[in-house]
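>>> Generate a structure from the sequence data that follows.
(one chain, ligands or ions: 2)
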Amino acid sequence: MADNKVFRASTTAPVNIAVVKYWGKRDAKLNLPTNSSISVTLSQDDLRTLTTASCSASYSGDSLTLNGQSTDVSGARTQACFRELRERRAAIEKNDPSLPKISTLPLKVVSENNFPTAAGLASSAAGFAALVRAIANLYELPDSPEDLSRIARQGSGSACRSLFGGYAAWRMGDKDDGSDSQAQLIAPASHWPNMRALILVVNAAKKDVPSTSGMQQTVATSGLFQQRIAHVVPANMKLMEEAIHNKDFATFAEVTMRESNSFHSCAADTYPPIFYMNDASRAAIRAVEALNAAAGKTIAAYTYDAGPNCVIYFLEEDQETVIGAFYKFLSGVSGWKDSAAKAQSAVDLPENIVSILKDGVGRVIQTSVGEGPQKTEEYLIDEAGATVQR
Ligand SMILES: Nc1ncnc2c1ncn2[C@@H]1O[C@H](COP(=O)(O)OP(=O)(O)OP(=O)(O)O)[C@@H](O)[C@H]1O
Ligand SMILES: C[C@@](O)(CCOP(=O)(O)OP(=O)(O)O)CC(=O)O
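Ligands and ions are numbered 1, 2, ... in the order given. You can find the predicted model right below:
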């Protein structure tokens, strides 16, 4: 039996933003989706979760501290992650009696996001991916990222994709037990490294309807949704995977924008309707359309999750045109990288669009495609088991 020794492991994990959207569950208990999805992992230089997982007989019970606040761990999602990971650790302890018996020790997890939490920037995806990866590292589990993605999926569906860098797919699977509903790598970040993203963070009140409940309202009431999962998503999955493999930005962009439109159409077709986008969101769509028209080809793509924030994907070679066009009238908001001030764009967006975006956009985040979870020696719990004061 382990004495009061403190065992610990730390990891960072990324945010991912879907380009083929997950929206709908076929099994809410196991968190199995109605369709497959694909995402781009964003660089942890700009958006990342840092999580330290520890266990010790000296702890009084399981705990999670998020951004300095004690957080409830009794919820089914967190409990599912703890339970599945403990079962895996218990199995390797049974096979190797020389291993410290730590699977039953209380867990202490401390985590922080370097970006707004619960603000429509997919903090749950990065958060649950970091939690699962950190505990798996603490337990020295041999499980692959695909294996661990089946656990992170139960924390938050989109979290399964954050166990990978680059371009990841969540294969919906069709087994009742969810054993084939997992994420896998489509291509590493190095395959298409010049992918960039500009996030227009829109000033918005609290989210209209949480993703978890919203998608089930859609499943239950939208006729459009049935068409989406039967025909639209399977076709878009194929097109998107080919576009990523071929580094075909025009197709990548068109499918990304059509998918965002399709998901939000189904949300609006939910009864009662769910509206995640606002006037600033719609103005940003017009801005991207204006950029593409001015370029005479598709150089930018918009996409929206369950909120008003606009994620714009583009390639590094078009950075001047895209970043410069928005910087002209948004230079006063925070988040720009130094390069933005030097970006020269020939595109002057229409005044009505500029006016709405100047009122609606509170900050921006410039980022790029990035890596998956990374082990780190940066700990939020010290060797004695105390939370590190930041
Ligand atoms: N670092 C973290 N570690 C563990 N759990 C986290 C972490 N960050 C966020 N979460 C969980 O995710 C919840 C926020 O998820 P929610 O879906 O409401 O917002 P979001 O994911 O940031 O935005 P959106 O889902 O609209 O993209 C938090 O209340 C918390 O339960
Ligand atoms: C719109 C989306 O961002 C939905 C994300 O839904 P969540 O993963 O937050 O839902 P739960 O599984 O209920 O936690 C699209 C996507 O990320 O694919």
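>>> In this structure, which residue sits closest to ligand 1?
Per C-beta to the nearest ligand atom, G127 is where the chain lies closest to ligand 1, at 2.3 Å. Quick note: C-beta positions are derived from backbone N, CA and C, even for glycine.
>>> With N35 as the reference, measure out to V388.
Separation of V388 from N35 (C-beta to C-beta, to the nearest Å): 41 Å.
>>> quick one, which of those two is more surrounded?
Using other C-beta atoms under 10 Å, the more surrounded residue of V388 and N35 is N35, with 21 against 11.
>>> and the more buried one, that's in a strand?
No. Secondary structure of N35 (DSSP: H, G, I helix; E, B strand; the rest coil): coil, not part of a strand.
>>> I'd like the distance between it and A18.
Applying C-beta to C-beta to N35 and A18 gives a distance of 11 Å.
>>> cool, and D208?
18 Å.
>>> neighbour-wise, which of those two wins?
Shown here are D208 and A18; by other C-beta under 10 Å, A18 has more neighbours (24 against 17).
>>> what's near enough to touch the more buried one?
By C-beta atoms under 8 Å, 6 or more residues apart in numbering, the contact set of A18 is 37-39, 158, 161, 259, 303, 305.
>>> got the residues of the chain near ligand 1?
49, 66, 111, 113, 117-124, 127-128, 130-131, 207, 210-211, 305-307 (C-beta under 6 Å from any ligand atom).
>>> Can you flag the buried ones in those?
49, 66, 111, 113, 117, 120-124, 127-128, 130-131, 207, 211, 305-307 (16 or more other C-beta atoms under 10 Å).
>>> Mind checking which of these are in helices?
123-124, 127-128, 130-131, 211 (DSSP state H).
>>> Would you mind putting those into TSV with pLDDT alongside?
Shown next, in TSV, are these (pLDDT from 0 to 100):
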residue	pLDDT
S123	96
S124	96
G127	98
F128	98
A130	98
L131	98
S211	95
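>>> so what does the one helix or strand in the chain whose mean pLDDT sits lowest touch, helix or strand wise?
The weakest-scoring helix or strand in the chain, judged by mean pLDDT, DSSP states H and E, is helix 338-342 (a mean of 94). On a contact count with 3 or more C-beta pairs under 8 Å, 6 or more residues apart in numbering; DSSP states H and E, helix 338-342 meets helix 319-330.
>>> can I get the CA coordinates of the helix it packs on in PDB?
In PDB, the C-alpha atoms belonging to helix 319-330 read as follows (Å, rounded to 0.1, in the frame of the first residue of the first chain):
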ATOM      1  CA  GLN A 319      -2.500  36.600 -43.700                       C
ATOM      2  CA  GLU A 320      -1.800  40.200 -44.800                       C
ATOM      3  CA  THR A 321      -5.000  40.400 -46.700                       C
ATOM      4  CA  VAL A 322      -7.200  38.800 -44.000                       C
ATOM      5  CA  ILE A 323      -5.600  40.200 -40.900                       C
ATOM      6  CA  GLY A 324      -5.100  43.600 -42.400                       C
ATOM      7  CA  ALA A 325      -8.700  43.900 -43.500                       C
ATOM      8  CA  PHE A 326     -10.000  43.500 -39.900                       C
ATOM      9  CA  TYR A 327      -7.100  45.300 -38.200                       C
ATOM     10  CA  LYS A 328      -8.000  48.500 -40.100                       C
ATOM     11  CA  PHE A 329     -11.000  49.000 -38.000                       C
ATOM     12  CA  LEU A 330     -10.400  46.700 -35.000                       C
END
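>>> List the buried residues of it.
Buried, per 16+ other C-beta under 10 Å, within helix 319-330: 319-327, 329-330.
>>> How about stretch 133-140?
Result for stretch 133-140 [16+ other C-beta under 10 Å]: buried residues 133-139.
>>> which one of the residues you listed is nearest ligand 2?
For the buried residues of stretch 133-140, the nearest to ligand 2 is R133 (16.5 Å; C-beta to the nearest ligand atom).
>>> Tell me which residues touch the residue lying closest to that closest one once chain neighbours are set aside, please.
Nearest residue to R133, sequence neighbours excluded (C-beta to C-beta, 6 or more residues apart in numbering): P373, at 4.3 Å. Listed by C-beta under 8 Å, 6+ apart, the contact partners of P373 are 11-14, 129-130, 133, 162-163.
>>> can you rerun that using 6 Å?
Contacts were defined as C-beta atoms under 6 Å, 6 or more residues apart in numbering; by that measure P373 touches 11, 13, 133.
>>> do the same with N278
By C-beta under 6 Å, 6+ apart, N278 lies in contact with P308.
>>> how much space between it and V132?
According to C-beta to C-beta, N278 stands 33 Å off from V132.
>>> what are the phi and psi values for Y167?
With angles defined as degrees, to the nearest 10, Y167 sits at phi -120, psi 120.
>>> Kindly state the beta-bridge partners for it.
Y167 has these beta-bridge partners by DSSP bridges: V40, A187.
>>> just checking, it touches I244?
Yes. Between Y167 and I244 there is a contact at 4.9 Å, judged by C-beta atoms under 6 Å.
>>> More neighbours: which of those two?
More neighbours surround Y167 than the other of Y167 and I244, with 27 against 23 (other C-beta under 10 Å).
>>> can you list the weak-confidence ranges in the stretch 101-250 of the chain?
Applying pLDDT under 70 to the stretch 101-250 of the chain picks out residues 205.
>>> Now it against ligand 2: closest residue?
Closest point on the stretch 101-250 of the chain to ligand 2, by C-beta to the nearest ligand atom, is G157, at 2.8 Å.
>>> can you check the stretch 251-390 of the chain too?
D305 (3.6 Å).
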